[in-house]
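1. Quick check, what structure comes out for this input:
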Amino acid sequence: MIKKSLILMCFLALFTSGCLYSNIQRPMDKDFHFTDLGSKEGRSSNRSVLWLFAWGDAGTRAAAEDGEISIIKHADQEMLFVLFGLYFRITTVVYGD
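-> As a prediction, the model looks like this:
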């Protein structure tokens, strides 16, 4: 009985990892090792709740306007998921001058 419970717990942990909470950041560029980020940062986000309501603008233009950036040098994307996506936020972060 204990062995079956342990196997079930391992199976659930393997296949549900990241389902309760995930916060991920990734670059939106393939060649980012030698990138000069610039002196300014701008952010824009869109959100969704209960898979029913969504709002916001996570575009690079909105992020550049937020940071008053006219020359974009690099961009990242941040993703936050809570409870199987009941709430999620996607943020575009741009860097530049």
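
2. And the helices in this structure?
-> With helices called from DSSP state H, the chain shows them at 2-15, 60-66.

3. The last one - contacts with which helices or strands?
-> Other helices and strands packing on helix 60-66, by 3 or more C-beta pairs under 8 Å, 6 or more residues apart in numbering; DSSP states H and E, are strand 40-49, strand 72-82, strand 87-96. All C-beta atoms are positioned from the backbone trio N, CA, C, and that covers glycine.

4. Which pLDDT does the model give the residue nearest the centre of the chain?
-> Note on the chain: the residue nearest the mean C-alpha position is residue 79, at 1.5 Å, using C-alpha atoms, centre = their mean. At residue 79, the predicted lDDT confidence score is 91.

5. Point out where the protein drops to low pLDDT.
-> Applying pLDDT under 70 to the predicted model, the residue ranges of the chain that meet it are 1, 11-18, 31-33.

6. sorry, back to before: would you turn the helices and strands packed on helix 60-66 into JSON lines with distance to residue 59?
-> Listed next are the helices and strands packed on helix 60-66 as JSON lines, based on distance: least, C-beta to C-beta, whole Å:
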{"stretch": "strand 40-49", "distance to residue 59": "6"}
{"stretch": "strand 72-82", "distance to residue 59": "10"}
{"stretch": "strand 87-96", "distance to residue 59": "7"}
